[in-house]
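Peer 1: this one's sequence-less:
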């Protein structure tokens, strides 16, 4: 009896872990940026968030903060002090993306090009353009 209960618990935990691990899907977005400058929030940053951060259960409407959906990302990044315009590499959003022990997205570290694109956007003043 104890053995069957243990197996049921193990199966339930395994399914929960599978759902948690697959809830934030990572798909690499390669921005069309030549020389990685003049970054556009709407054209370059939002597609990264849409493909790497906004999946169900993650950083979307009703999900984990900050809300990185297209309609809320800019304001949430500002309101939650996720951007450090004086020291861009110290920006919370950038540090979370580049954290090797606890990266965002949880499925893996974003490519250097994507990391650089977001860093340059912050360095350029994190404009809502």
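Peer 2: Okay, I see it. It should be emphasised that the depicted structure is a prediction, and the values quoted were computed from it without experimental measurement.
Peer 1: Relative to residue 119, how far out is the most centrally placed residue in the chain?
Peer 2: In the chain, the centroid-proximal residue (C-alpha atoms, centre = their mean) is residue 53; its distance is 3.8 Å. In this structure, residue 53 and residue 119 are 16 Å apart, going by C-beta to C-beta, to the nearest Å. From N, CA and C alone the C-beta is placed, and that goes for glycine too.
Peer 1: Please apply the same query to residue 100.
Peer 2: Look at residue 100 and residue 119: by C-beta to C-beta, they are 16 Å apart.
Peer 1: Surely residue 45 and residue 120 touch.
Peer 2: No. At 10.1 Å, residue 45 does not count as touching residue 120 under the criterion of C-beta atoms under 8 Å.
Peer 1: Give the residue from these two that has the larger number of neighbours.
Peer 2: More neighbours surround residue 45 than the other of residue 45 and residue 120, with 27 against 17 (other C-beta atoms under 10 Å).
Peer 1: buried stuff in the host helix or strand of residue 77?
Peer 2: In the assignment (DSSP states H and E), residue 77 maps to helix 73-79. Of all the residues in helix 73-79, those buried under the rule 16 or more other C-beta atoms under 10 Å are 73, 74, 76, 77.
Peer 1: Ok, stretch 79-88 next?
Peer 2: Of the residues in stretch 79-88, those buried under the neighbour-count criterion (16+ other C-beta under 10 Å) are 82, 83, 84, 88.
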